[in-house]
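Undergrad: give me a 3D structure for the following:
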Amino acid sequence: MVLKAVADSVSTDLRVACPGIIQSFDADAVTATIQPSIKVPVRQADGSVVSVALPLLVDVPVYFPRGGGVTLTFPITEGDECLVIFADRCIDYWWQNGGVQEPVDPRQHHLADSFALVGPQSQAKKISGISTSAAQFRSDDGSTYLEIDPTSKKMKIVAPGGLEVITPLADFSEAVTIKGLLSWMGGMVGSIAEGTAAKITGMVEFVGRVLANGKRIDDTHKHGGVQHGSDSTDEVS
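TA: From the prediction side, this is the model:
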């Protein structure tokens with residue numbers, strides 16, 4: 001009985017992992033305040049046991065997938081669910097300085113030494129429509145996503161709000177098909193090694209001057225040497 005009581009006492013204070021709910025997120029410090037969402041039994045002075053909520057966890061480092069100079073980030077808001085894991089030893093010096101550090105405090109598996117992994121979902125907050133054939137980076141409602149399909153070898157982007165690319169140069173190695181209106185603001189320049197450089201089926205309307213090999217072929221061009229009969233006019237001027 002004594003050994004069991006000791007074991008129960010140790011396990012009661014031993015923290016390993018538990019689900020939590022984000023209360024606030026500090027994007028500069030990359031930390032969160034979290035409410036653990038599993039109550040713990042606490043024995044009262046009269047011997048009775050009641051379930052109580054654990055205290056808020058503050059300054060909890062938040063995990064974002066990171067490595068090789070790149071990081072995947074996403075917004076974290078109040079109410080988001082997460083998994084809180086607890087370190088074996090005190091993480092204070094490591095959190096402040098990185099590298100290999102001494103544990104400044106002898107505590108073990110303590111509430112103060114936690115990390116937050118945002119993403120685990122309860123049935124009350126689970127998402128739906130998860131693709132079972134492709135990887136997706138998506139909004140929770142599934143309306144906006146980037147998809148990679150390993151079978152078709154295709155990447156698909158669905159963006160109802162639009163797509164914005166900011167780059168000095170976008171290089172496409174092969175053909176590009178545009179089904180909607182094509183608009184450009186900075187002009188258009190192109191060339192081809194041989195054959196026809198451009199072919200358009202349908203009416204083309206130009207507003208402004210049109211040149212062909214340096215000659216004006218719009219409504220401002222003129223022909224010299226105009227005569228009646230079968231004679232030819234001069235070249236376009």
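Undergrad: so what does Lys156 have for phi and psi?
TA: Backbone dihedrals for Lys156, given as degrees, to the nearest 10, come out at phi -120, psi 130.
Undergrad: low-confidence stretches in this protein?
TA: The model of the chain has pLDDT under 70 over residues 1-12, 222-237.
Undergrad: and the biggest strand by length in it, how far from the chain's centre?
TA: Ordering each strand of the chain by length in residues (DSSP state E) puts strand 17-26 first. Centroid separation for strand 17-26 versus its chain: 20 Å, with CA atoms, centre = their mean, to the nearest Å.
Undergrad: same deal with stretch 53-62?
TA: Per CA atoms, centre = their mean, the centroid offset for stretch 53-62 relative to its chain is 25 Å.
Undergrad: now stretch 150-162
TA: Relative to the chain's own centre, stretch 150-162 is displaced by 14 Å; criterion: CA atoms, centre = their mean.
Undergrad: for that stretch, give me every contacting residue.
TA: Contacts of stretch 150-162 with the rest of the structure, by CB atoms under 8 Å, 6 or more residues apart in numbering, involve Ser133, Ala134, Ala135, Ser143, Thr144, Tyr145, Leu146, Glu147, Ile148, Asp149, Leu163. (C-beta placed from N, C-alpha, C; glycine too.)
Undergrad: where exactly do the strands run in the protein?
TA: Along the chain, the segments classed as strands by DSSP E run 17-26, 31-36, 40-43, 49-52, 57-61, 66-67, 70-71, 81-86, 114-118, 135-138, 145-149, 154-158, 211-212, 215-216.
Undergrad: format those strands as a markdown table; extra columns: mean neighbour count and distance to Lys199.
TA: Shown next, in a markdown table, are the strands of the chain (neighbours: other CB atoms under 10 Å; distance: least, CB to CB, whole Å):
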| stretch | mean neighbour count | distance to Lys199 |
| --- | --- | --- |
| strand 17-26 | 17 | 54 |
| strand 31-36 | 20 | 58 |
| strand 40-43 | 12 | 74 |
| strand 49-52 | 9 | 75 |
| strand 57-61 | 18 | 59 |
| strand 66-67 | 8 | 48 |
| strand 70-71 | 8 | 42 |
| strand 81-86 | 19 | 56 |
| strand 114-118 | 20 | 52 |
| strand 135-138 | 14 | 37 |
| strand 145-149 | 15 | 32 |
| strand 154-158 | 11 | 27 |
| strand 211-212 | 10 | 16 |
| strand 215-216 | 12 | 21 |
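Undergrad: export those strands to a markdown table and tack on distance to Tyr93?
TA: What follows is those, written out as a markdown table (distance: least, CB to CB, whole Å):
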| stretch | distance to Tyr93 |
| --- | --- |
| strand 17-26 | 20 |
| strand 31-36 | 16 |
| strand 40-43 | 28 |
| strand 49-52 | 31 |
| strand 57-61 | 13 |
| strand 66-67 | 21 |
| strand 70-71 | 23 |
| strand 81-86 | 17 |
| strand 114-118 | 15 |
| strand 135-138 | 35 |
| strand 145-149 | 39 |
| strand 154-158 | 43 |
| strand 211-212 | 71 |
| strand 215-216 | 76 |
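Undergrad: so which of those strands gets nearest Glu174?
TA: Closest of the strands of the chain to Glu174 is strand 154-158, at 13.5 Å (criterion: CB to CB).
Undergrad: strand partners of the closest one, parallel vs antiparallel please.
TA: Sheet pairing for strand 154-158, assigned by DSSP bridges, gives strand 145-149 (antiparallel).
Undergrad: what's the strand it pairs with in contact with?
TA: By CB under 8 Å, 6+ apart, strand 145-149 touches 131, 133-139, 154-158.
Undergrad: can you give me the helices for this structure?
TA: Secondary structure of the chain, counting by DSSP state H: helices at 2-13, 92-97.
Undergrad: fine, thanks again, bye for now.
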